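**Q** need a structure here:
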Amino acid sequence: MVSIQVNIGNGKYHHSCGGAIIDSNWILTAAHCLHDDERTYNSMLKAGRHHIKLDNEEYAQHRKINYYKNHEKYPGGSVVAPFDIALIHVEEPFNWTDGVKPISLPKIQNEVATDCAKLYGWGLLAENGKFPDVLQTADLPIIPLEVCKSKDVFGELVHDTNICTVDPMGMSACSSDSGGPLVKNNSINNELEIVGVVSWGPPCGRMDNKSISVFVQVSSFLDWIISIQYPLLPLPQ
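**A** A predicted model of the protein is given here:
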């Protein structure tokens with residue numbers, strides 16, 4: 001994955017969002033991470049990182065953003081809304097190494113992920129907590145969408161193109177995990193795939209039923225992703 005880092009001046013950058021490399025020139029992330037052109041184009045993409053503060057790690061590769069595309073149905077800004085998905089293009093492709101590799105997209109359009117999936121990110125360790133120095137992971141149970149869409153949870157804020165997770169121990173996505181990948185092995189050949197992109201959630205790290213995280217369901221956007229990556233190709237029927 002990559003750390004999307006904003007320019008804070010004097011040649012320094014600070015982690016803001018995550019992203020997943022899906023091709024040597026393309027990163028998948030959340031649209032709300034890219035809501036300001038000046039901030040976005042001054043950002044740095046850092047791949048091959050484990051310790052977020054060590055720029056000289058063995059597999060580190062840094063890239064600037066060439067251009068990006070937010071989903072046209074996302075309303076803009078940094079609001080909680082469906083279609084919170086975006087693609088970033090880099091002019092200089094990433095080099096595949098033991099520390100920098102692409103993640104596969106889902107094989108089946110609109111496939112609904114079940115069971116558990118793994119979240120990766122450098123977001124806050126708890127509400128009002130600290131940022132970690134090293135990449136964190138969390139195994140999160142996926143809950144049925146109808147539960148997440150119920151009136152006593154999130155109601156109409158949740159869309160059919162979302163995935164929700166909840167963990168009884170309070171593990172969840174947190175601030176600056178946005179855009180990061182939720183991954184699991186598929187049911188076809190056990191290949192690791194990105195099934196979700198961190199979108200939003202209530203205050204994180206609570207040991208109750210409010211520790212719900214909401215993700216964009218990547219399988220709902222396969223045609224859109226292809227149309228951006230390969231605009232001259234016909235979409236699959």
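**Q** now the nearest residue to Phe154 once chain neighbours are set aside: phi and psi?
**A** Closest residue to Phe154 apart from its sequence neighbours, by C-beta to C-beta, 6 or more residues apart in numbering: Cys148 at 5.8 Å. (Each C-beta comes from the backbone N, C-alpha and C, glycine too.) The phi/psi pair for Cys148 (degrees, to the nearest 10) reads phi -70, psi -30.
**Q** which pLDDT value belongs to Cys148?
**A** Looking at Cys148, its pLDDT reads 92.
**Q** which ones are touching it?
**A** Phe154, Val158, Asn162, Cys164, Ile212, Val214 (C-beta atoms under 8 Å, 6 or more residues apart in numbering).
**Q** strands paired with the longest strand anywhere in the chain, and their directions?
**A** The strand that spans the most residues within the chain, counting by DSSP state E, is strand 12-23. Here strand 12-23 has these sheet partners by DSSP bridges: strand 2-9 (antiparallel), strand 26-29 (antiparallel).
**Q** how about the last one as PDB, C-alpha atoms only?
**A** This points to strand 26-29. This file holds the C-alpha atoms of strand 26-29, laid out as PDB (Å, rounded to 0.1, in the frame of the first residue of the first chain):
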ATOM      1  CA  TRP A  26      -2.400   3.500 -10.500                       C
ATOM      2  CA  ILE A  27      -3.400   3.800  -6.800                       C
ATOM      3  CA  LEU A  28      -7.000   3.200  -5.500                       C
ATOM      4  CA  THR A  29      -8.100   5.400  -2.600                       C
END
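**Q** list the contacts of it.
**A** 2, 4, 17-22, 45, 85-90, 179, 181, 194, 197, 218, 225, 229.
**Q** hmm, Glu146 and Gly155 touching each other?
**A** No - in this structure Gly155 lies outside contact range of Glu146 using C-beta atoms under 8 Å: 11.4 Å.
**Q** do I have it right that Trp96 meets Ser24?
**A** Yes - proximity of Trp96 to Ser24 meets the contact threshold set by C-beta under 8 Å, at 7.5 Å.
**Q** show me which positions of stretch 76-83 end up buried.
**A** For stretch 76-83, the neighbour count (16 or more other C-beta atoms under 10 Å) marks Ala81, Pro82, Phe83 as buried.
**Q** also stretch 116-127?
**A** Under 16+ other C-beta under 10 Å, the buried positions of stretch 116-127 are Ala117, Leu119, Tyr120, Gly121, Trp122, Gly123, Leu124.
**Q** likewise for stretch 140-156?
**A** Leu140, Ile142, Ile143, Leu145, Cys148, Lys149, Val153, Phe154.
**Q** can you tell me which of those residues are in strands?
**A** Using DSSP E, the buried residues of stretch 140-156 in strands are Leu140, Ile142, Ile143.
**Q** tell me where this structure has strands.
**A** Using DSSP E, strands in the chain cover 2-9, 12-23, 26-29, 44-47, 61-64, 67-70, 86-89, 116-121, 136-143, 162-166, 181-185, 192-200, 212-217.
**Q** now those as CSV including distance to Asp36?
**A** Below are these laid out as CSV (distance: least, C-beta to C-beta, whole Å):
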stretch, distance to Asp36
strand 2-9, 9
strand 12-23, 11
strand 26-29, 14
strand 44-47, 15
strand 61-64, 16
strand 67-70, 11
strand 86-89, 13
strand 116-121, 21
strand 136-143, 26
strand 162-166, 24
strand 181-185, 23
strand 192-200, 18
strand 212-217, 20
